[in-house]
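Engineer: Need coordinates for the below:
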Amino acid sequence: MAASDLQLLQSKIKEANGSPFTVLHPSAGEICAFRIHGQELPFEAVVLNKTSGEGRLHAKSPIDCELQKEYTFIIQAYDCGAGPRETAWKKSHKAVVHIQVKDVNEFAPTFKEPAYRAVVTEGKIYDSILQVEAVDEDCSPQYSQICNYEIVTTDVPFAIDRNGNIRNTEKLSYDKQRQYEILVTAYDCGQKPAAQDTLVQVDVKPVCKPGWQGGPSLVSPVE
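Structural biologist: Now for the predicted structure:
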């Protein structure tokens, strides 16, 4: 049997662990082994059924999507037709295996700043007083993107949009309250909340009103 008689039917594997594949042996021989070509790859291929040529790809060590999102390597199958010595086994053509590492939502969003501060003038409605920003260390778009922000503190005259922009929902009064402290959290697209809320401090300053500081004084002329 020629070496080309062994054919890998499935050349792309999408899951990192436990992925099945099959080798066709046209002479009804047995498949004894699979060999992965590449240095320091965290995978191994094992024979499940020598007769059918079914094998399975396993991860030998933990796979971390944040360190490497995908792997591409070469695999070959070896038959048992030439005797017990592995050096005499015939091998298949090389097949390309591409593995995409599936992400899990292991990281929570974290804010770039532990606290934010802004100063506003009383009596004004702002489209945006300030913007808070959180990041996430997961590797996939689903879990690494921030999808929503939320004001945790209740009964405050502020709102926040999905981009982290905070605005006031009513005109603020310096005489009524000179400072607000609100807590804000963030959610990734897997709806995992931030590990720690961030503090937003808003100081209200009064409107400058024209007027006299004290009454006029009269100075008698010196005689």
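Engineer: mind giving me the domain ranges of this protein?
Structural biologist: With domains defined by the TED database, the chain comprises 6-100, 110-205.
Engineer: Ranked by average pLDDT, which of the ones you listed falls at the bottom?
Structural biologist: Lowest mean pLDDT of the domains of the chain: domain 6-100, a mean of 72.
Engineer: got the contact list for Arg35?
Structural biologist: Under the criterion of CB atoms under 8 Å, 6 or more residues apart in numbering, the contact list for Arg35 reads Ala45, Ile75, Gln76, Tyr78, Lys91. All C-beta spots, glycine's among them, are computed from the backbone N, C-alpha and C.
Engineer: In a markdown table: those residues, plus neighbour count and distance to Val104.
Structural biologist: A markdown table is the format used below for the contacts of Arg35 (neighbours: other CB atoms under 10 Å; distance: CB to CB, whole Å):
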| residue | neighbour count | distance to Val104 |
| --- | --- | --- |
| Ala45 | 19 | 24 |
| Ile75 | 23 | 26 |
| Gln76 | 19 | 32 |
| Tyr78 | 21 | 35 |
| Lys91 | 15 | 36 |
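Engineer: Can you lay out the residues you listed as a markdown table showing secondary structure?
Structural biologist: Shown next, in a markdown table, are the contacts of Arg35 (DSSP: H, G, I helix; E, B strand; the rest coil):
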| residue | secondary structure |
| --- | --- |
| Ala45 | strand |
| Ile75 | strand |
| Gln76 | strand |
| Tyr78 | strand |
| Lys91 | strand |
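Engineer: okay, those residues in a markdown table with distance to Gln201 next?
Structural biologist: Converted to a markdown table, the contacts of Arg35 look like this (distance: CB to CB, whole Å):
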| residue | distance to Gln201 |
| --- | --- |
| Ala45 | 58 |
| Ile75 | 59 |
| Gln76 | 64 |
| Tyr78 | 68 |
| Lys91 | 69 |
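Engineer: Out of those residues, flag the one nearest to Thr51.
Structural biologist: Using CB to CB, Tyr78 is the member of those that sits closest to Thr51, with 14.8 Å.
Engineer: Across the sheet, point out what pairs with the closest one.
Structural biologist: Assessed by DSSP bridges, Tyr78 has beta-bridge partners Ala33, Lys91.
Engineer: my guess is it meets Ala45, correct?
Structural biologist: No - here Tyr78 lies out of contact with Ala45, judged by CB atoms under 8 Å, at a distance of 10.8 Å.
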